[in-house]
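In: need a structure here:
(chains A and B)
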Amino acid sequence: MKLLFILLTVSLVGCASNRLNQQAMPYDQLERIQVSNTDCPRMDWIISNMETQLRLKGLAQVNPEDLNDDDRKYNATARIVIWSLRIGCNNPSRYKS
Amino acid sequence: MKRLLAVGLCLVSSVAVADCYVRSNIKLSRPAINAGPTDLQRAVVPDLAGQKCVVRYRVHIGDEWHTAEGTGLGQNEGSACARAMDIGNGTLLAEVEPSRVTADTQMVCSDLPDIRIRPVRIGEVIWESETDMHRHPDERKYFDYKQTKCRMFTERNARDRNLYTYQGIICKMDSLPNSKWRVVDKY
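Out: A predicted model of the protein is given here:
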């Protein structure tokens, strides 16, 4: 019975912490993210992370005209990170003069 | 005779509904071109010499898109349209000099749709020059994404007394010169 109680408690705590992790990153944390060509080896992971943040905020498939100012800023900031990596890493000569 | 009359009436009616607009006539040097020629449209009609071809396409010069137009005659559609690209306003792309852009305007009548910059939405299929070039020159270059030719654009939009500037990505749908583009993202 004790074992059952411990297992139940652990699983409930696990669920709670998992739900906490499913909150989108706050905007002030998001806007501090800067990427460069040194991030190219892990671009897939970073893009996936940004897409997850957008999904959690309900911004996965949106047109910016339909958003309020806060969501528009959040959406643009995350997508700038995504496209900076997609464009910069796949077109290395783009930003060379 | 009836058939001839019917064809004649069709020709008259198609001429009668042609849209008229003021066209800029541009002379430019190649270094001034930021993008294009793109959004090639053409209309071919029979002519005494064979075929008559009117081409219209868009070229981005300085800070805005311009429409270039040329008319050519040929024995077949290919040769007529090839000449149309070179004759009249079409020759502007072949000119290396003068080094500055000069322009005048004239009234032109044509059935080809007039392309203008307008607000676009994600997923929409558009002409390339319906979006503006990016404000930042470094971001104007074309790039590859998923084996397609893409570029960034900016869009200025007034809403609720505020001016919003969006940017986005458009990608060409195939490699043909008159291919349309898809709005892949906008933010």
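In: Now the helix or strand harbouring A:A76: buried residues?
Out: For A:A76, the host element (DSSP states H and E) is helix A:69-90. Neighbour-count burial for helix A:69-90, counted by 16 or more other Cβ atoms under 10 Å in any protein chain shown, picks out A:71-89. All C-beta spots, glycine's among them, are computed from the backbone N, C-alpha and C.
In: Those: which ones sit near chain B?
Out: Contacts with chain B within these, counted by Cβ under 8 Å from any Cβ of the partner chain: A:R72, A:N75, A:A76, A:R79, A:I80, A:W83, A:R86, A:I87.
In: what's the neighbour count on B:E155?
Out: B:E155: 20 surrounding residues under other Cβ atoms under 10 Å in any protein chain shown.
In: hang on, I meant B:R151
Out: Quick note: B:R151 (other Cβ under 10 Å) scores 22 neighbours.
In: Could you pull up the contacting residues of it?
Out: B:A35, B:E128, B:M133, B:H134, B:R140, B:K141, B:Y142, B:F143, B:I169, B:I170 (Cβ atoms under 8 Å, 6 or more residues apart in numbering or on different chains).
In: Select only the buried ones of those residues in ChimeraX?
Out: A single ChimeraX command selects the buried members of those (16+ other Cβ under 10 Å):
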select /B:35,128,133,134,140,141,143,169,170
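In: what would the contacts of B:R151 look like in TSV with secondary structure, pLDDT and distance to chain A?
Out: Output for those, formatted as TSV (DSSP: H, G, I helix; E, B strand; the rest coil; pLDDT from 0 to 100; distance: Cβ to the nearest Cβ, whole Å):
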residue	secondary structure	pLDDT	distance to chain A
B:A35	strand	81	15
B:E128	helix	95	17
B:M133	strand	91	15
B:H134	coil	91	11
B:R140	coil	90	11
B:K141	coil	90	6
B:Y142	coil	93	9
B:F143	strand	93	4
B:I169	strand	97	6
B:I170	strand	97	12
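In: who's in contact with the nearest residue to B:E139 once chain neighbours are set aside?
Out: Distances taken as Cβ to Cβ, 6 or more residues apart in numbering or on different chains put B:M152 closest to B:E139, at 4.9 Å, once the chain neighbours are dropped. With contact taken as Cβ under 8 Å, 6+ apart, B:M152 is in contact with A:W83, A:I87, B:H134, B:E139, B:R140, B:Q167, B:G168, B:I169.
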